[in-house]
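**Student:** need a structure here:
(chains A and B)
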2 protein chains.
Amino acid sequence: MEEREISQAVIGRLPRYFRYLGDLKEAGVERISSQELSELMKVTASQIRQDFNNFGGFGQQGYGYNVDFLHKEIGNILGLNKEHNLIVIGAGNLGQALGNYMNFKNRGFIFKGMFDVNPELWGKEVRGIPIQPMDKVEAFVKENDIDIAVLTIPKTSAVEVAEVLVNNGIKAIWNFAHVDLNVPEGIQVENVHLSDSLMKLSYNLERYSQEQK
Amino acid sequence: MEEREISQAVIGRLPRYFRYLGDLKEAGVERISSQELSELMKVTASQIRQDFNNFGGFGQQGYGYNVDFLHKEIGNILGLNKEHNLIVIGAGNLGQALGNYMNFKNRGFIFKGMFDVNPELWGKEVRGIPIQPMDKVEAFVKENDIDIAVLTIPKTSAVEVAEVLVNNGIKAIWNFAHVDLNVPEGIQVENVHLSDSLMKLSYNLERYSQEQK
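**Tutor:** Numbering: from 1, shown residues only, chains lettered A, B, ... in the order given. Presented below is the predicted three-dimensional model:
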């Protein structure tokens, strides 16, 4: 399959295309040229064509792209047409925010369970899903065909919890813990290190204010 | 200033160095060689040396780096030794999670205000900060010397709110809204598009499972 060789840089840009095409579709736009898409997204038309050529090009450029078709195709490439069962580990504010996240279900992510070590949270519900004790997680993952775990727990426990999850069949981890996880090959990890992102903002703020002096 | 030319790729890696060095410091490690740091962080020692050379190299490599010094220096480069006043727009679960975020203050980010359009939230407190109506935000930003705004609001209002904030003196936006903001030059934006990140995870999960077939 040609798709195997597609770089993570291209993959990283697909969700943004998907987002813009979804907005265009919502706005009732039926066709769009690479030039128009280029102006909207502030990337070059040649980059768009190159990115799309990785997937066969998505149809005639003379007439522009069919927005609905392109949106659906990119969604399929992203695997959004498949359903994935997902659990959230850590039921603090961030865990609850992610559990409540409206887009999950539309995109094939089925929120199935939520776990926390804090007894005060047990039994409380987030979108109808009861928060369970952590010692229930192993059996739950096995019995409910869970693919994805979202980690919103402190870095001190994240490494160990990730290991337990992977041993019980989790295939992908969306990691919000402030630590890099060591997982076996074939287990997918996507890190969202919020403090790293805030520090980058701080750097750019500082640098710009120095330049102005 | 030489630092002006440092690429965003290098900048993007600094917070990760800062995080590892902070962990080493906590663990009582005093010195570390680029080779040891390389093994720990799973990047090449030559990349580490190249990255550090952008900032003068941080001391003798023969004896390894002084962990405490290096941690402090990188923190200073990231602007974490300066204080920045920050407000959160949107007091839903995500906004509250970020408002509660423990690291803010240690790193020079002072959480000053929180705003939401929902009257039911007004007066409620997050870390002692009362949630205020959105129509108070302009005066608040002007009077309290606010540098950074965190946006956790729907994409439909984010563009307009960002414009208002920038007009009132906000210099940096940490953007969690699912939309790319158009801001004047000199205004720093750091996007955290959570759904983009989840879609990338979905792609890699799907691709890997296809390869296994």
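
**Student:** just checking, next helix/strand downstream of the helix or strand bottoming out on mean pLDDT in chain A?
**Tutor:** In chain A, the helix or strand scored least confidently by mean pLDDT, DSSP states H and E is helix A:103-106, which has a mean of 64. Going down the chain from helix A:103-106, the next helix or strand is strand A:109-116, by DSSP states H and E.

**Student:** ok, that following strand: who's next to it in the sheet?
**Tutor:** strand A:84-89 (parallel), strand A:129-133 (parallel) (DSSP bridges).

**Student:** Ok, which of these comes nearest residue B:64?
**Tutor:** Among the strands paired with strand A:109-116, the nearest to residue B:64 by CB to CB is strand A:84-89 (36.4 Å). From N, CA and C alone the C-beta is placed, and that goes for glycine too.

**Student:** okay, the closest one in CSV with CA atoms only?
**Tutor:** Extracted as CSV, the C-alpha positions of strand A:84-89 are listed here (Å, rounded to 0.1, in the frame of the first residue of the first chain):
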residue,chain,number,x,y,z
HIS,A,84,-13.3,3.2,18.3
ASN,A,85,-14.2,2.6,21.9
LEU,A,86,-12.5,4.9,24.2
ILE,A,87,-12.0,5.3,28.0
VAL,A,88,-10.8,8.3,30.0
ILE,A,89,-8.4,7.7,32.9
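
**Student:** ok, back up a step: looking at the strands paired with strand A:109-116, which is buried most?
**Tutor:** Of all the strands paired with strand A:109-116, strand A:84-89 carries the top mean neighbour count, a mean of 24, counting by mean count of other CB atoms under 10 Å in any protein chain shown.

**Student:** who touches that one?
**Tutor:** A:95, A:98-99, A:104, A:108-116, A:126, A:134, A:137, A:140-141, A:144-153, A:161, A:165, A:172, B:202, B:205 (CB atoms under 8 Å, 6 or more residues apart in numbering or on different chains).

**Student:** Next: stretch A:38-49.
**Tutor:** A:13, A:16-17, A:20, A:32, A:34-35, A:37, A:57, A:61, B:180.

**Student:** who wins for neighbours among those residues?
**Tutor:** Highest neighbour count within these: residue A:37, with 22 neighbours (other CB atoms under 10 Å in any protein chain shown).

**Student:** I'd assumed residue A:29 was in contact with that one.
**Tutor:** No: counting by CB atoms under 8 Å, residue A:37 stays clear of residue A:29, with 10.2 Å between them.

**Student:** pLDDT below threshold where in chain A?
**Tutor:** A:1-5, A:60-62, A:102-105 (pLDDT under 70).

**Student:** how's chain A carved up into domains?
**Tutor:** A:2-77, A:84-196 (automatic domain parsing).

**Student:** and the closest residue to residue A:11 other than its chain neighbours, how many residues sit next to it?
**Tutor:** Closest residue to residue A:11 apart from its sequence neighbours, by CB to CB, 6 or more residues apart in numbering or on different chains: residue B:203 at 5.4 Å. Neighbour count of residue B:203, defined by other CB under 10 Å: 24.

**Student:** same question, the one 3 residues further on
**Tutor:** Summarising burial for residue B:206: neighbours were counted as other CB under 10 Å, giving 22.

**Student:** can you confirm it is in a strand?
**Tutor:** No: Residue B:206 is assigned helix when assessed by DSSP: H, G, I helix; E, B strand; the rest coil, not a strand.

**Student:** Excluding chain neighbours, what is closest to it?
**Tutor:** Residue B:206 sits nearest to residue A:79 (CB to CB, 6+ apart), 3.1 Å away.

**Student:** cool, residue A:33 as well?
**Tutor:** Per CB to CB, 6+ apart, closest to residue A:33 is residue A:64, 4.1 Å.

**Student:** and which of the contacts of stretch A:38-49 is nearest to residue A:192?
**Tutor:** residue A:16 (16.0 Å).

**Student:** next helix or strand past the one helix or strand that closest one maps to?
**Tutor:** Assigned by DSSP H and E, residue A:16 belongs to helix A:8-26. Per DSSP H and E, the first helix or strand lying C-terminal to helix A:8-26 is strand A:31-32.

**Student:** Just give the strands next to that next one in its sheet, each with its orientation.
**Tutor:** Strand pairing (DSSP bridges) places strand A:31-32 next to strand A:65-66 (antiparallel).

**Student:** I'd like the next helix or strand past the strand it pairs with.
**Tutor:** helix A:67-77.

**Student:** hmm, who's touching that next one?
**Tutor:** So helix A:67-77 is contacted by A:3, A:14, A:17-18, A:21-22, A:24-25, A:29-32, A:55, A:58-59, A:81, A:107, B:203 (CB under 8 Å, 6+ apart).

**Student:** what's the burial count for the closest residue to residue A:132 other than its chain neighbours?
**Tutor:** Excluding its sequence neighbours, the residue lying closest to residue A:132 (CB to CB, 6+ apart) is residue A:115, at 5.3 Å. Using other CB under 10 Å, residue A:115 is surrounded by 24 other residues.

**Student:** same thing with residue A:50?
**Tutor:** There are 11 residues near residue A:50, going by other CB under 10 Å.

**Student:** before we move on, which element is it in?
**Tutor:** Assigned by DSSP H and E, residue A:50 falls in helix A:45-53.

**Student:** Look up how far residue A:6 lies from residue A:182.
**Tutor:** 25 Å (CB to CB, to the nearest Å).

**Student:** And those two? Which one has more around it.
**Tutor:** Counting neighbours by other CB under 10 Å for residue A:182 and for residue A:6 shows that residue A:6 has the greater number, 17 against 12.
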